[in-house]
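Trainee: Need coordinates for the below:
(2 chains)
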2 protein chains.
Amino acid sequence: CLIMTVSFTGKLIIRPISTERTRGQTVVGITNGFISPTFPTPLLDLLPAKNGEEPTMQFLLEVVDILTNYVKKTFDRSTKVLDFHHPHQLLEGIEGFNLELSDQPESLEQILVDCRDTLKYGVRTGHPRFFNQLSSGLDIIGLAGEWLTSTANTNMFTYEIAPVFVLMEQLTLKKMREMIGWPNGEGDGLFSPGGAISNMYSVMIARYKYFPEVKTKGMSAAPRLVLFTSEHSHYSIKKAGAALGFGTDNVILLSTDERGRVIPADLEAKILDAKQKGYVPLFVNATAGSTVYGAFDPINEIADICEKYNLWLHVDGAWGGGLLMSRKHRHKLNGIERANSVTWNPHKMMGVPLQCSAILVREKGILAGCNSMCAGYLFQPDKQYDVTYDTGDKAIQCGRHVDIFKFWLMWKAKVSRVDRRVHTCWLKKTEKHLQANKNLHGFPQHTNVCFWYIPPSLRGMPDGDERREKLHRVAPKIKAMMMESGTTMVGYQPQGNKVNFFRMVVSNPSVTQSDIDFLIDEIERLAHDL
Amino acid sequence: CLIMTVSFTGKLIIRPISTERTRGQTVVGITNGFISPTFPTPLLDLLPAKNGEEPTMQFLLEVVDILTNYVKKTFDRSTKVLDFHHPHQLLEGIEGFNLELSDQPESLEQILVDCRDTLKYGVRTGHPRFFNQLSSGLDIIGLAGEWLTSTANTNMFTYEIAPVFVLMEQLTLKKMREMIGWPNGEGDGLFSPGGAISNMYSVMIARYKYFPEVKTKGMSAAPRLVLFTSEHSHYSIKKAGAALGFGTDNVILLSTDERGRVIPADLEAKILDAKQKGYVPLFVNATAGSTVYGAFDPINEIADICEKYNLWLHVDGAWGGGLLMSRKHRHKLNGIERANSVTWNPHKMMGVPLQCSAILVREKGILAGCNSMCAGYLFQPDKQYDVTYDTGDKAIQCGRHVDIFKFWLMWKAKVSRVDRRVHTCWLKKTEKHLQANKNLHGFPQHTNVCFWYIPPSLRGMPDGDERREKLHRVAPKIKAMMMESGTTMVGYQPQGNKVNFFRMVVSNPSVTQSDIDFLIDEIERLAHDL
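Mentor: Predicted structure coming up:
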């Protein structure tokens, strides 16, 4: 591995470095090449120290060397996805990697070794054979955007301290609202720390719309309010129900069809049931791309019911929202323009680095109405610029991380290619696989592909409780072996009356047919003796 | 400026580059040195493209060149803190910097120019003359930590996908609880997206402790609950009251003394008043380091009252928590070990890059009890490792950004110096200034220094409404001129019956006496004609 050093004359010097390590102790030996007089660099030599510029540049370039090597290897299929260790093993310290915080400061060299080790024992979520989460891949433009964001180190609180980022957020949210189909992209919105918080916002503003007095008087000012969401929806709707004071009992789960889509008639029946009990239906969440099946609820039919009963319609498109960018697939979200609010996480299908989630609202001003406390000591009305750009008071956060820049930069770089991205026929490729392999039984939808692997010992067994119990234990066993071998990763879970099954997700454009083949072959290899 | 290029042979090539720009169009001209055959690089050549490694490394190193130049200049006092433009100016496009998202993808060269422009028109929060926020400075170790975090691009959801980070969080939270003084550092906690959310957690778990049935039944299962917090406390307690269904009317503000500290007798009187009205006091927030004054509420006296009336005691140490690391100053938080929960933002006094905020809880298990939904499809109980390390279900978020690594790395690098950091006598230096300059009238506390500048025209005027009104307009005028000139930044606000005054905050170790002198001189220069 190469180390770049900035010498006293400002030149970059590149030299090979060999790292020998013994348990509990680290020796960085330079076996060949130039030794900079500033190396090893004591920590106190970094900026803001006097003459700290060169040691700082040297240190940062050494970090970048570690990171770019990591990036290269992440795209290299001969690299493992992970090097699994149990918690107790990592806590005990592996090959001298000491996680404990001691009272003695470490040297800069040790800090670099810590950086290398942190990456070594982590999971390569950008690896083309990582199929484990809805968020995967490592977009180079997005990565550059995150590095810049960290360097700018500001927050979205006011235009005063984040002028460019605040405007980027505003323009990007407008574009997203245009994609949703709201007239002229009008409305409101915010980037929030993840889809769960975006969904929580939707419940808060729905309550504010119909019962604004709850803001000052609390839930006792409202009747018993009821929220509706699919039994397959994300658990964040229930979490919001608990947190915001509705109670999870008042989050009514809707039945779904065999592909995991809400049955509109069930929604209407449950609304009527709630009304008959004297409760007040408030809010319906339609999921566009469910977590496990990738199911799209029928938004138009749900919107009809919401209009009929005057309910707030939220679309949780955290996962499926990316399809709005696809001419071919956006029909799956038909009716989304009728929603009052939408959650859309560019950090999922659109491959933006974590975190990047938007809550989008059709009615302008309602976010501020719901959340603002008009704290004059934080948001001064008498500034010299147009303070409507100070968006901090619309949020439930005060400081807010800059999540917009990487997304803005990616949009600038490749907007026309996002369409192609979601066009890629992962689904078809995998469907073909499922059909061709008689030991895989599955139900693919969106780019989620759910399937059981039937091991040799279960192939002849008739269906029944015993087979179900055994099949339930298959996926966890395979997953455990898969993590130990570190070659690939895919998630599993039960759902409803279905025993544990795999859910493969493709949201990484690096994935090729051969990677999908590899996953399937690897499952067969690992499960050979089951 | 230098561009590093990775040539086809894998060598780094360094060459000078000159960038000439005309309005609306960018020309990157290479006037001297080696021109790599891969430059200009079309976007599609980046990884995961075949042979994408070299163009990717080249692109990332060019980005790093931009970022390291920015870092260098941030520490250079001859650089401006900001280059102010009004929103409409930036939206119109300055010198070709186009914020709009078009339907045409940009070239990689333009992406690099966009990166440069984004930094150019932003605010240098790491500049030693930026005194505007509680978070400032640019810590080099922390910056390296953030770059690595972005590159790892995972989330804190499960041990499965973030093994190292999950353990780092656990170990660091334990250390923080030890600093608070809870026996053996036992308890619970999470890093959350900012102090406002950490404070919101504290209210949620207090409610769950006393009225766990609210989780399922909603606020109607509880009596009218009342929260208490200082009139000088952060507005997030009120926001939490609104969001969680208590209502802001049930957030009772406590009176403070002349230095902004809660008067314990007022707390007790208001508790008794609430009880007499039939309401149920639930929660008291004591602020350790208030936003404007930097005031520390008397925690021990407040804790006595909380014990007497069986109330949850939360300490909002978002700003002042950093003093727990200081042998000299930690007495200001005496009694914090009696709190049930604590907010502590290492991204403030401890200089960790944004965002880094912890909610710490004395009772183990209560975070999970309050928030978990036991979604089997997300948190599988039948994994091969100890799933108590899967912390996702404790949070109100689902995906959670990795905020721990930069902090862990900084702690490793310089724990023994944190003490020194908060020892630095900024306060004394500025007090000296206030005393020496008869035109500054202020009330310094912590490292917040609040003061009025009395301009020449007001010096002879007797106190009264006219003078107050005029003085109220002085700070905004000076601040506007200051931002236009871009030389330094300091915040102002009114508070209570005090008209607009400046609040200078020092939380950046780069700040020297001469920077404080500069700020004061600059205010005098700008206000000369007022």
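Trainee: Tell me if stretch A:350-368 is near chain B.
Mentor: Yes: applying C-beta under 8 Å from any C-beta of the partner chain, one finds stretch A:350-368 in contact with chain B at A:Pro353, A:Leu354, A:Gln355. C-betas here are computed from N, CA, C, even on glycine.
Trainee: What residue spans form the domains of chain A?
Mentor: With domains defined by automatic domain parsing, chain A comprises A:2-124, A:147-416, A:424-526.
Trainee: Could you measure from A:Ile252 over to A:Leu244?
Mentor: According to C-beta to C-beta, to the nearest Å, A:Ile252 and A:Leu244 sit 16 Å apart.
Trainee: How about the residue of chain A found nearest chain B, nearest residue that isn't a chain neighbour?
Mentor: Chain A approaches chain B most closely through A:Gly245 (2.5 Å), counting by C-beta to the nearest C-beta. Closest residue to A:Gly245 in three dimensions, ignoring its sequence neighbours and counting by C-beta to C-beta, 6 or more residues apart in numbering or on different chains: B:Gly245, at 2.5 Å.
Trainee: try A:Glu484
Mentor: A:Phe84 (5.7 Å).
Trainee: where does the one you found fall, helix, sheet strand or coil?
Mentor: Using DSSP: H, G, I helix; E, B strand; the rest coil, the structure places A:Phe84 in coil.
Trainee: which residues does it contact?
Mentor: Counting by C-beta atoms under 8 Å, 6 or more residues apart in numbering or on different chains, A:Phe84 touches A:Met483, A:Glu484, A:Gly486, B:Pro163.
Trainee: quick one: which of the residues of stretch A:350-368 next to chain B is nearest A:Gly93?
Mentor: The closest of these to A:Gly93 turns out to be A:Leu354 (C-beta to C-beta; 27.9 Å).
Trainee: Would you confirm that that closest one contacts B:Asn155?
Mentor: Yes: using C-beta atoms under 8 Å, A:Leu354 is in contact with B:Asn155, at 5.3 Å.
Trainee: Tell me, how many residues neighbour A:Leu190?
Mentor: Applying other C-beta atoms under 10 Å in any protein chain shown, we find 24 residues neighbouring A:Leu190.
Trainee: A:Val315 in helix, strand or coil?
Mentor: Applying three-state DSSP: A:Val315 is strand.
Trainee: still on that earlier bit, may I have the phi/psi pair for the residue of chain A closest to chain B?
Mentor: Dihedral angles of A:Gly245 (phi, psi; degrees, to the nearest 10) stand at phi 90, psi 10.
Trainee: Next one: it relative to B:Gln110, how far apart?
Mentor: Distance from A:Gly245 to B:Gln110, by C-beta to C-beta: 49 Å.
Trainee: These two: who's more crowded?
Mentor: Legend: neighbour count by other C-beta under 10 Å for A:Gly245 and B:Gln110, higher for A:Gly245 (30 against 18).
Trainee: right, and that one touches B:Lys217 too?
Mentor: No: here A:Gly245 does not reach B:Lys217: they are 9.8 Å apart, not a contact under C-beta under 8 Å.
Trainee: Would you map the helices across the stretch 151-300 of chain A?
Mentor: Per DSSP state H, counting those that start in this stretch, the stretch 151-300 of chain A carries helices over the ranges A:163-180, A:195-210, A:214-217, A:236-243, A:264-276, A:299-309.
Trainee: Around chain B, which positions in the stretch 251-400 of chain A sit nearby?
Mentor: A:291-292, A:347, A:353-355, A:370-371, A:373, A:375-378, A:380, A:382-386, A:389, A:396-400.
Trainee: And for the closest residue to A:Pro212 other than its chain neighbours, the neighbour number?
Mentor: Using C-beta to C-beta, 6+ apart and skipping residues adjacent in sequence, the residue nearest A:Pro212 is A:Gly369, 7.2 Å away. Here the count is done by other C-beta under 10 Å, and A:Gly369 has 16 residues near it.
Trainee: For stretch A:212-225, list every residue counted as buried.
Mentor: A:Val214, A:Lys215, A:Lys217, A:Gly218, A:Met219, A:Ser220, A:Ala222, A:Arg224, A:Leu225 (16 or more other C-beta atoms under 10 Å in any protein chain shown).
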